[in-house]
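1. Return a 3D structure for these sequence lines:
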Amino acid sequence: MIGGIVLVVELAAPGALRLLGAAHAANGATALRILIMIGPAYVIKDHYVWIRRAQGRMAHASKIMAIGTLFEVAGSAFGWAMWGLTGICLG
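-> As a prediction, the model looks like this:
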């Protein structure tokens, strides 16, 4: 199911962004494609949080999530400095 959604958005990205204007379609299609491919990872992250909450281990999960967030921010900052919008999405 998720793979099908990712595939449809990957193919339809320029057309969907064209609804917002030609500049969005020209500049944002790559960013949208990258972000859609990362989407399933957020599902895994959310499941991790819910499992830890059910186990009553949110203190540990919060530490792990904070470390992950720091890596995401650092990766996005580095990506922005190197490759602009596409780099932010990759980071």
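
2. Specify the residue positioned farthest from the middle of the protein.
-> Distance from the centre of the chain peaks at G56, with 27.2 Å (Cα atoms, centre = their mean).

3. For W83, which non-adjacent residue is closest in space?
-> L90 (7.1 Å; Cβ to Cβ, 6 or more residues apart in numbering). Where C-beta positions appear, they are placed from N, C-alpha and C, glycine not excepted.

4. Surely that neighbour is in contact with A77?
-> No: with contact defined as Cβ atoms under 8 Å, L90 does not reach A77; the gap is 11.8 Å.

5. who's more crowded, those two?
-> L90 (18 against 13; other Cβ atoms under 10 Å).

6. how near is the more buried one to G56?
-> Taking Cβ to Cβ, to the nearest Å as the measure, L90 and G56 are separated by 36 Å.

7. gap between A59 and R52?
-> 9 Å.

8. So for those two, which residue has more residues nearby?
-> Using other Cβ under 10 Å as the criterion, A59 and R52 rank with R52 on top: 17 against 8.

9. ok, the closest residue to the more buried one other than its chain neighbours - contacts?
-> Distance criterion Cβ to Cβ, 6+ apart; nearest residue to R52, sequence neighbours excluded, is A61 at 3.6 Å. By Cβ atoms under 8 Å, 6 or more residues apart in numbering, the residues touching A61 are 48-49, 52-53.

10. which secondary structure element contains A61?
-> Under the criterion of DSSP states H and E, A61 resides in helix 58-83.

11. What lies in contact with stretch 4-17?
-> In contact with stretch 4-17 (Cβ under 8 Å, 6+ apart) are residues 24-25, 28-29, 32-33, 36-37, 39-40.

12. circling back to that earlier point, per-residue confidence for the residue nearest to R52?
-> We have a pLDDT of 93 for A61.

13. All further residue positions should be reported with the first residue as 597.
-> In the new count, where the first residue is 597, that last one comes out as A657.

14. Look at E606 and give its secondary structure.
-> Of the three states, E606 takes helix under DSSP: H, G, I helix; E, B strand; the rest coil.
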